[in-house]
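Chemist: below: sequence and its predicted model.
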Amino acid sequence: MYSLKADFDELRTRIRQGRELNHASFEPIYYLVFPPKQVLAVKRQTPAWISRLKQDGWNVKTLSMAEEIDRILKADGRRNLWLQMDRQAPLNWKRTNDSLANALTYDNRLVESLKSALRSMQEDPKGLLLVTDLEALHPYIRIGAIEGHLQGEFNVPTVFLYPGVRTGKTRLKFLGFYPDDGNYRSVHVGG
């Protein structure tokens, strides 16, 4: 029977083991995979999980993809143009989504957000980055594309709370309906 608690406990164990292994080429990237229908349950559990990780000795920093997307889109100089175009054709979702996806991927803005968070923690041997709200990436980009740009940047354990389905040891389906993606070099727990 599926249990978020059991999966989170396994995640904590795997993070501790990763730290003990200390392989030169090991990047401490972890995905806590959970069914998309559990998104709200995960949001409710996240504060308690942060407390548990802190009790384990980690200095936890969170990075919300929803907040990063909101920050990037609000700061974009084209925002007024998007709003004007949206008023003219409010049901043209493809055009709207394409414009927003372009804004998020232009200059690798989301990649830079994650890179900045990782670099701010690289001197902390007890640092741990918790990346939340990955569902906000839909329909713009998938986290695997962002992670792929950050090879060699993961100097602290980084946990992605991933709504999706495991389809193999290294394959994941974002939100359960995207085509599976096997480009993950991370440790997967749950799903």
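Modeler: The structure has been received and is ready for your questions.

Chemist: burial of Tyr140, as a residue count?
Modeler: Neighbour count for Tyr140, taken as other Cβ atoms under 10 Å: 18. All C-beta atoms are positioned from the backbone trio N, CA, C, and that covers glycine.

Chemist: and the strands in this protein, which stretches?
Modeler: Across the chain, reading from the start of the chain, the strands by DSSP state E fall at 29-34, 59-64, 127-132, 158-166, 172-174, 187-190.

Chemist: for those strands, which one sits closest to Trp49?
Modeler: The closest approach between Trp49 and any of these, judged by Cβ to Cβ, belongs to strand 127-132 at 7.8 Å.

Chemist: any idea how far Pro139 lies from Glu68?
Modeler: Remark: distance between Pro139 and Glu68 (Cβ to Cβ, to the nearest Å) = 16 Å.

Chemist: the more surrounded of the two?
Modeler: Glu68 (22 against 13).

Chemist: contact partners for that one?
Modeler: Glu68 makes contact with Leu110, Ser113, according to Cβ atoms under 8 Å, 6 or more residues apart in numbering.

Chemist: tell me the confidence at it?
Modeler: Model confidence at Glu68, given as pLDDT, is 95.

Chemist: which stretches of this structure form helices?
Modeler: If you assign secondary structure with DSSP state H, the helices in the chain sit at 4-21, 39-55, 65-75, 79-88, 93-105, 109-121, 143-148.

Chemist: which non-adjacent residue is nearest Gly18?
Modeler: Closest residue in space to Gly18, ignoring its immediate chain neighbours: Pro28 at 4.9 Å, by Cβ to Cβ, 6 or more residues apart in numbering.

Chemist: ignore the last one, Asp133
Modeler: Counting by Cβ to Cβ, 6+ apart, Asp133 lies nearest to Ala66, which is 3.9 Å off, once chain neighbours are set aside.

Chemist: from Tyr31, how far off is the closest residue to Met121 other than its chain neighbours?
Modeler: Nearest residue to Met121, sequence neighbours excluded (Cβ to Cβ, 6+ apart): Gly127, at 3.7 Å. Plainly put, Gly127 is 18 Å away from Tyr31 if you go by Cβ to Cβ.

Chemist: near the nearest residue in space to Asp181 that is not next to it in sequence, how many other residues are there?
Modeler: With sequence-adjacent residues excluded and distances taken as Cβ to Cβ, 6+ apart, Asp181 is closest to Gly144, at 4.8 Å. The tally of other residues near Gly144 (other Cβ under 10 Å) stands at 19.

Chemist: what do you get for the one 4 residues further on?
Modeler: In terms of burial, Gly148 registers 14 neighbours under the definition other Cβ under 10 Å.

Chemist: measure it to Ser186 for me?
Modeler: If you measure Gly148 against Ser186 using Cβ to Cβ, the figure is 11 Å.

Chemist: on that earlier part again, the strands of the chain into a markdown table, with extra columns for mean neighbour count, distance to Lys5 and mean pLDDT?
Modeler: As requested, the strands of the chain are exported to a markdown table (neighbours: other Cβ atoms under 10 Å; distance: least, Cβ to Cβ, whole Å; pLDDT from 0 to 100):
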| stretch | mean neighbour count | distance to Lys5 | mean pLDDT |
| --- | --- | --- | --- |
| strand 29-34 | 23 | 11 | 94 |
| strand 59-64 | 17 | 18 | 97 |
| strand 127-132 | 22 | 17 | 97 |
| strand 158-166 | 24 | 14 | 95 |
| strand 172-174 | 21 | 21 | 92 |
| strand 187-190 | 22 | 11 | 90 |
